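Novice: When you get a sec, could you give me coordinates for this:
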Amino acid sequence: MKSVSQSPAERAPLSRERVLRGAVAIADAGGIGALTMRSLASELGVKPMSLYHYVAGKDEILDGIVDLVFSEIELPAADGDWRSQMVRRAISARRALRRHPWAIGLMQSRANPGPATLRHHDATLGTLRAASFSVAMTAHAYALLDSYIYGFALQEASLPFNPQTVSAAAEAITRQFAGEYPHLTEMTTEHILRPGYDFGDEFEIGLGVILDALTRTIAANASQPTPDRRSCGSAGT
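Specialist: Next up, the predicted model:
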């Protein structure tokens, strides 16, 4: 297998970091299915057995490269405006997943999260808690945001066109089915074919809808009266 990285002829000494970076390079170039111990050894210019001095096997490699992707996502700050912090974190996560689309299905699947993963989760939870979300509502908000981020990233990665080719694809579909699907034709001609259309622009619009709903939840909870502790005792007290 030809190396997919741009390593100099004088290679750096083998290390766990270099092993994981090599694994990311392979996955970026050919998808996660292209990553094997043999392909990784070829990428690094070493014998397969040499890898086992730094990683126990492929599972540890997968844990490690997922942690590397998490390390690329900006951490939200609990002392900032929670909404702007969630926007910043979501945009950063989407960009990381566009660089590493193979990670979309792995980000939440690993049973041994690394330090970058744990820092990311803790910072996100801390920002939501600092915004006055309850523990339960923090869990709901985090699940909702991540479902949207990962779902959008998966949909975006699966599209059969890109911003440069979408107009040609849409025009071909419109010509082929003109008159047969009026609502699809309307959407194509009045929205998709407008100058500068990019499906990725939908991301922040949908994110805003979710954050609007979460903002209303905070306001609704704040308006509820605090229960009188004296009325919460057991009967007869």
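Novice: okay, CA-based contacts and neighbour counts for the rest of this
Specialist: Fine.
Novice: pull the helix or strand with minimum mean pLDDT from the chain.
Specialist: Least confident helix or strand of the chain, by mean pLDDT, DSSP states H and E, is helix 166-177 with a mean of 74.
Novice: Sketch out the low-pLDDT regions of the protein for me.
Specialist: Applying pLDDT under 70 to the chain flags residues 1-11, 162-164, 222-237.
Novice: can you rerun that using 90?
Specialist: Filtered on pLDDT under 90, the chain yields the residue ranges 1-13, 80, 108, 110, 159-199, 218-237.
Novice: ok, back up a step: show the subsequent helix or strand relative to the least confident helix or strand of the chain.
Specialist: helix 182-187 (DSSP states H and E).
Novice: Can you list the buried residues in that next one?
Specialist: T185 (16 or more other C-alpha atoms under 10 Å).
Novice: outside of it, which residues touch it?
Specialist: 174, 177-179 (C-alpha atoms under 8 Å, 6 or more residues apart in numbering).
Novice: Please apply the same query to stretch 101-117.
Specialist: So stretch 101-117 is contacted by 27-28, 31-32, 62-64, 66-71, 97, 150, 153-154, 157 (C-alpha under 8 Å, 6+ apart).
Novice: in this protein, which spans are helices?
Specialist: Along the chain, counting by DSSP state H, helices occupy 16-30, 37-44, 58-71, 82-99, 115-130, 135-158, 166-177, 182-187, 202-223.
Novice: neighbouring contacts of the longest one?
Specialist: The contact list for helix 135-158, computed with C-alpha under 8 Å, 6+ apart, reads 90, 93-94, 97-98, 101, 104, 124-125, 128-129, 199-200, 203, 207, 210, 214.
Novice: Kindly write the ChimeraX command that selects the buried subset of those.
Specialist: To isolate the buried ones among the contacts of helix 135-158 in ChimeraX, judged by 16+ other C-alpha under 10 Å, type:
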select :90,93,94,97,98,101,104,124,125,128,129,203,207,214
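Novice: residue contacts, A96?
Specialist: 69, 72-73.
Novice: Take those residues and write them to a markdown table, including distance to L44.
Specialist: Formatted as a markdown table, the contacts of A96 follow (distance: C-alpha to C-alpha, whole Å):
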| residue | distance to L44 |
| --- | --- |
| V69 | 20 |
| E72 | 23 |
| I73 | 26 |
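Novice: which of those are buried?
Specialist: Buried members of the contacts of A96, counted by 16+ other C-alpha under 10 Å: 69, 73.
Novice: so how far is the least confident helix or strand of the chain from its chain's centroid?
Specialist: Its chain's C-alpha centre and that of helix 166-177 lie 30 Å apart, by C-alpha atoms, centre = their mean, to the nearest Å.
Novice: for it, which positions count as buried?
Specialist: 166-167, 170, 174.
Novice: follow-up on the earlier one: and of the contacts of helix 182-187, the nearest to R18?
Specialist: Ranked by distance to R18 (C-alpha to C-alpha), those are led by T174 at 49.0 Å.
Novice: Next one: the closest one from V166, what distance?
Specialist: Using C-alpha to C-alpha, to the nearest Å, we find T174 at a distance of 12 Å from V166.
Novice: and what of V66?
Specialist: 31 Å.
Novice: repeat for D28
Specialist: 23 Å.
Novice: Let me see the contact set for G126.
Specialist: Contacts of G126 by C-alpha under 8 Å, 6+ apart are 77-78.
Novice: separation between it and A29?
Specialist: Taking C-alpha to C-alpha, one finds G126 at 35 Å from A29.
Novice: now M187
Specialist: 34 Å.
Novice: Now for I61, how many residues are close by?
Specialist: 22 (other C-alpha atoms under 10 Å).
Novice: scratch that, S109
Specialist: S109, neighbours per other C-alpha under 10 Å, totals 12.
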